[in-house]
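# Can you look at this prediction? I've put the sequence above it.
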Amino acid sequence: MNEPVHIDHYSGRTLLFVHGRNFKPSADELMDISVAAMTAAVERDYPEAIDLFHGMHKRIAYYGDISNEFLEEAGQHYDEKLDVGDRRNALQKLCTIGKRKNFGVSRYDRLPGKTALAEFAADVAGPVLGTLGLSGKVIAKIAPDLGEYWDEKSDFASRIRDRVRTAICEATDGDSQVILISHGTGCIVAYDVLWQLSNDPDYKERFEGRKIDLWLTLGAPLGDTTASRRLLGAGRQGLERYPSNIVSWHNLSAEDDYMSHDNTLADDFKQMLKQKQVSCIRDYRIYNLAVHYGKSNPQSSVGYLISPRVAQVMSDWLQQG
């Protein structure tokens with residue numbers, strides 16, 4: 001298995017990773033596995049860019065301890081050693097896929113735990129959910145920590161945003177070009193923080209001039225109707241409706257990832273382009289080949305990060321200019 005390599009030169013670029021919901025291992029473990037997945041992807045597909053990848057500063061905006069505490073208090077159990085082992089087993093298996101062309105539908109359809117019924121349900125439910133949005137009951141069942149994030153009576157959201165905002169501000173403090181990679185519901189947190197830094201009077205004057213050079217969203221639920229209505233700024237008009245500190249935005253959605261059932265964001269956020277608040281928004285569809293406890297897991301961050309499309313986006317960004 002490929003492990004992250006640390007070298008002593010700095011490329012002038014910074015990678016900041018924002019993880020998603022549910023239980024998470026320690027920041028060091030999560031970042032080590034995430035960087036290992038990206039390293040394997042770049043080495044596999046674009047070896048000419050690997051030195052530039054190694055030369056980046058790599059950081060994580062970690063709030064897993066906050067999520068873990070909430071979920072444990074809600075009665076859920078977490079075995080960190082087992083979770084880490086399962087993530088590393090998934091990564092090890094993915095690292096054996098030697099060619100980018102093998103990350104397609106043929107291999108995906110052969111993954112354990114996949115059934116024609118599940119695929120049919122995803123195909124039928126996806127368009128419906130994209131129109132109606134995930135209901136409060138559905139969110140409470142499949143993502144209780146997201147429900148808590150949207151609970152205005154809780155300080156859960158503000159605590160998490162504080163962590164992510166601090167990390168983004170530190171990453172953009174200076175002349176480094178920043179690629180922000182967010183996964184799952186971490187995309188909602190990242191969006192809210194980017195909006196705050198662009199529009200909230202408490203932050204705007206100091207931070208509105210700082211830009212994220214490239215925002216890469218993986219399995220983002222931002223196109224979901226319920227999610228879009230709850231994003232910070234959703235009730236505003238004009239330029240105040242959206243963040244204005246993103247240069248380029250690339251979005252990846254995996255087949256059957258129900259959290260990103262509305263898998264195109266360029267149409268949902270086209271007003272940002274019209275108002276010249278972002279240079280481009282590009283959507284990509286991928287197949288996530290990760291296996292979680294013996295079954296296909298299209299939501300897996302490891303499966304997203306090791307995908308050929310992430311390798312391409314990363315390599316292109318590293319080598320531009």
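Arrived safely. Predicted model only: the values in this text are computed from it and were never measured.
# from here on, contacts and neighbour counts on C-alpha atoms
Noted.
# what's the pLDDT at the residue most central in space within the chain?
Centroid-nearest residue in the chain: H183, 1.7 Å away (criterion: Cα atoms, centre = their mean). Residue-level confidence at H183 comes out at 98, pLDDT.
# Next, count neighbours for G235.
By other Cα atoms under 10 Å, 10 other residues sit near G235.
# ok, it to D155 distance?
Distance of G235 to D155, computed by Cα to Cα, to the nearest Å: 21 Å.
# R285 belongs to a strand?
Yes: when DSSP: H, G, I helix; E, B strand; the rest coil is applied, R285 is found to be in a strand.
# Name the nearest residue to it, sequence neighbours excluded.
Distances taken as Cα to Cα, 6 or more residues apart in numbering place S253 nearest to R285, at 5.2 Å, with adjacent residues excluded.
# Is the one you found part of a helix or strand, or is it coil?
With three-state DSSP as the basis, S253 sits in strand.
# about what we covered before: mind listing what the residue nearest to the centre of the chain touches?
For H183, the contact set (Cα atoms under 8 Å, 6 or more residues apart in numbering) comprises 18-20, 217-220, 301.
# Now it: closest residue in space, sequence neighbours ignored.
Nearest non-adjacent residue to H183 (Cα to Cα, 6+ apart): L218, at 4.7 Å.
# packing partners for the one helix or strand S158 maps to?
Element membership of S158 [criterion: DSSP states H and E] is helix 156-171. Judged by 3 or more Cα pairs under 8 Å, 6 or more residues apart in numbering; DSSP states H and E, the packing partners of helix 156-171 are strand 13-18, strand 57-61, helix 64-73, helix 144-149, helix 186-199.
# would CSV of the contacts of H183 with neighbour count be doable?
Listed next are these as CSV, based on neighbours: other Cα atoms under 10 Å:
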residue, neighbour count
V18, 25
H19, 28
G20, 25
T217, 28
L218, 28
G219, 30
A220, 30
S301, 23
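# Restricted to strands, list the residues you listed.
18, 217-218 (DSSP state E).
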